[in-house]
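Participant: Build me a model:
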Amino acid sequence: MTPLRFLRDARELFALHLEPSADAAARDHAVLLCNPFGQEAIRAHRLYRVLGDRLTAAGFHVLRFDYYGSGDSAGDDADFDLDGAIADTVAAGNLLLQRSRAGKLSCLGLRLGGNIAALASSHWAEALDQLLLFEPVAEGGSHLLALQQSNADTMAGMFGSRWRIDPALRQFNLPDPGGEALGFALTPACKAQIAERIGLHQPWPGRARNTIILTPQVDAFTVWAAKRDLLASPRLHVAPSDSDIDWATNSALNTAIVPRAWVDHALGALTEAVHA
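Facilitator: Numbers count the residues shown, from 1 in each chain. Reported below is the predicted structural model:
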């Protein structure tokens, strides 16, 4: 495991390069893990750690990284925005290809991280080999409203009935209900980008030889993906995620955060691609 600091323009980003295990035959294939946003990224930490361990044990190079304004990268959380995260993802993928010298690049992302991976996929010179999306966001506007409601529910749980009857308490602790998501800033620019660029009304953004989407909204994503450019995404499969994890709320703390079926699905898709 090699910690890295790298630049994307003037933005300093942090990453971890996980090399293939010593007892595994190194593959000509690298995998970029794309974080979700805010509390969902914290909840997903263990899942991503397990994915990294399993992938390196199978001989893949793996890069985990933080977008600008998140995690261990530079910047405040108010500096995070969707367009910047997409550009950070492209830079991280280029870094991984440079360090691993792999001939194939694949991306995996959970929740908003899946949308970011899909939106970034058209920016590399070569199409991704595999694009693996775990419960990507279907509609940006609805996602923002859900984050706002989760934030309000969490505050109400902390303060009990006082939260409902005391407007001064609400104003002091949450002056801008739409500007924060469980402790993470959501700027107007970031919210506008998410609302405008993420939605099943938009053209399918992915560019990969094979795409797998695990989602509870199978029918909606199937209809959306059927309208895709077949030259950019020739093979695409939508399957149920079979998960009841609420990644954006404190209730996730009491839930199994590593859906083993997802890990097995990712390993199966990537190793099958290697042998294809």
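
Participant: all helices for the chain, in order.
Facilitator: 39-43, 45-57, 82-100, 112-120, 140-159, 161-165, 167-173, 188-197, 218-225, 260-275 (DSSP state H).

Participant: Identify each buried residue in the third one, please.
Facilitator: Within helix 82-100, the residues scored as buried using 16 or more other Cβ atoms under 10 Å are 82, 84-97, 99-100. Bear in mind the C-beta positions are built from the backbone N, C-alpha and C, glycine included.

Participant: picking up where we left off before, save the helices of the chain as TSV, and put in distance to residue 7 too.
Facilitator: Compiled in TSV, the helices of the chain are given as follows (distance: least, Cβ to Cβ, whole Å):
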stretch	distance to residue 7
helix 39-43	22
helix 45-57	23
helix 82-100	8
helix 112-120	18
helix 140-159	29
helix 161-165	43
helix 167-173	37
helix 188-197	22
helix 218-225	35
helix 260-275	29
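
Participant: Could you say which of these is packed most deeply?
Facilitator: helix 112-120 (a mean of 26; mean count of other Cβ atoms under 10 Å).

Participant: can you list contacts of that helix?
Facilitator: Helix 112-120 is contacted by residues 32-37, 40-41, 44, 67, 82, 85-87, 89-90, 93, 107-109, 131-137, 143, 194, 197-198, 205-206, 213 when judged by Cβ atoms under 8 Å, 6 or more residues apart in numbering.

Participant: With residue 3 as the reference, name the closest of the helices of the chain.
Facilitator: Residue 3 lies closest, by Cβ to Cβ, to one member of the helices of the chain: helix 82-100, at 12.5 Å.

Participant: Burial check on the spatially closest residue to residue 39 that is not a sequence neighbour, number of neighbours?
Facilitator: Among residues not flanking residue 39 along the chain, residue 182 sits closest, at 4.2 Å (Cβ to Cβ, 6 or more residues apart in numbering). Other residues within reach of residue 182 by the criterion other Cβ atoms under 10 Å amount to 18.

Participant: what about residue 182, distance to residue 35?
Facilitator: Computed as Cβ to Cβ, to the nearest Å, the residue 182 to residue 35 distance reads 15 Å.

Participant: Also residue 164?
Facilitator: Between residue 164 and residue 35 the computed distance is 34 Å (Cβ to Cβ).

Participant: and if you look at residue 55?
Facilitator: Look at residue 55 and residue 35: by Cβ to Cβ, they are 16 Å apart.

Participant: Same check on residue 50?
Facilitator: Separation of residue 50 from residue 35 (Cβ to Cβ): 15 Å.

Participant: next one: residue 6
Facilitator: With distances taken as Cβ to Cβ, residue 6 is found 16 Å from residue 35.

Participant: Name the residue in these two with the higher neighbour count.
Facilitator: residue 35 (26 against 18).

Participant: Quick check: nearest residue in space to that one, chain neighbours excluded?
Facilitator: Among residues not flanking residue 35 along the chain, residue 41 sits closest, at 4.5 Å (Cβ to Cβ, 6+ apart).

Participant: Retrieve the pLDDT associated with that neighbour.
Facilitator: Per-residue confidence (pLDDT) for residue 41: 88.

Participant: same thing with residue 194?
Facilitator: So residue 194 comes in at 94 (pLDDT).

Participant: so who does the closest residue to it other than its chain neighbours touch?
Facilitator: For residue 194, ignoring the flanking residues on the chain, the nearest one in space by Cβ to Cβ, 6+ apart is residue 140 at 4.1 Å. Residues in contact with residue 140 (Cβ under 8 Å, 6+ apart) are 194, 195, 196, 197, 198, 199.

Participant: Report how many residues lie close to residue 26.
Facilitator: 16.
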